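> what's the 3D shape of this:
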Amino acid sequence: MKRLIAGGSIPAQESGDAYVRRVDGAVYVCPWQTRLRCLLADPAGPSLVARRVHIRSSAWNVPLAWFIPFDGAERWVAAEPRVPGVIGVRYGARALVYATPMRQARRRVTRGLAAVRALQAPDMPDLPDLRDPRLTAELAEVASWLERFHPGSLVELDYGGLVSLLSNDALNRDESVAELGAAIDGIACGHSEVALAMYSRVHARWRAFREFEQVN
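Numbering: from 1, shown residues only. Take a look at the predicted model:
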């Protein structure tokens, strides 16, 4: 299991703990790898060749490329009180999580990367926001990261502590994955106005989150 989690010092040693999820009789284990993740995030840290980190973290926001591996139907949200019968979330917890098989995640990222790269062609509509090279670079990085793991793995996106910044209503209305998926579909189908509208909606939502980091 691989996890993308939205949000120091480097621990003295690696954690032996892990996230565990059971799906259809299969058990998926995701090592915390706290020390490795901190080293990778530290600009002054050593150059690590393998970089086989099972968890990628981002403070204060979710990079837009992280939404692409998932589908809107894979969204699970818990606003207080907790939804009965859901395993793995403590009573009273608030959460927003997506989970998908690795093969699906790779296909969606490949399609998304092809779509945003196609926008660079001179005969494509002028969509400056969607032509942002940072989105292409982030998607390429996610694609590379996913290729390092077993195709039978499970991939999760967890909003983590960001849910504390959202009201229950905002948590329930956050459809960033579905909206960005609609933007990719719009590009692929030549519906540039739909693509730009959906992308702009997601971009504006997460720009507001990035402002929290500046205030902090």
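> the residue nearest to Glu147 when sequence neighbours are not counted and Ala143: what is the separation?
Leaving aside its chain neighbours, Glu147 sits nearest to Arg106 (7.2 Å; criterion: Cβ to Cβ, 6 or more residues apart in numbering). (Each C-beta comes from the backbone N, C-alpha and C, glycine too.) Arg106 sits 7 Å away from Ala143, going by Cβ to Cβ, to the nearest Å.
> go through stretch 161-169 and flag the buried ones.
Under the neighbour-count criterion of 16 or more other Cβ atoms under 10 Å, stretch 161-169 has Leu162, Val163, Leu166 buried.
> before we move on, back to that, for the residue nearest to Glu147, grab phi and psi.
Main-chain torsions, Arg106, degrees, to the nearest 10: phi -60, psi -40.
> could you list every residue that touches it?
Counting by Cβ atoms under 8 Å, 6 or more residues apart in numbering, Arg106 touches Pro69, Ala143, Leu146, Glu147, Pro151.
> can you map out the strands along the chain?
2-6, 18-23, 26-31, 55-58, 75-78, 95-101, 154-158 (DSSP state E).
> so what strands line up beside the last one?
What that stands for is strand 154-158. strand 2-6 (parallel), strand 95-101 (antiparallel) (DSSP bridges).
> give me the mean pLDDT for the shortest one.
Averaged across strand 2-6, the pLDDT comes to 58.
> repeat for the last one
Across strand 95-101, the average pLDDT comes to 93.
> and the contacts of that strand?
Outside strand 95-101, the residues that touch it by Cβ under 8 Å, 6+ apart are 21, 23, 69-71, 74-78, 89, 152-159, 163, 171, 174, 177.
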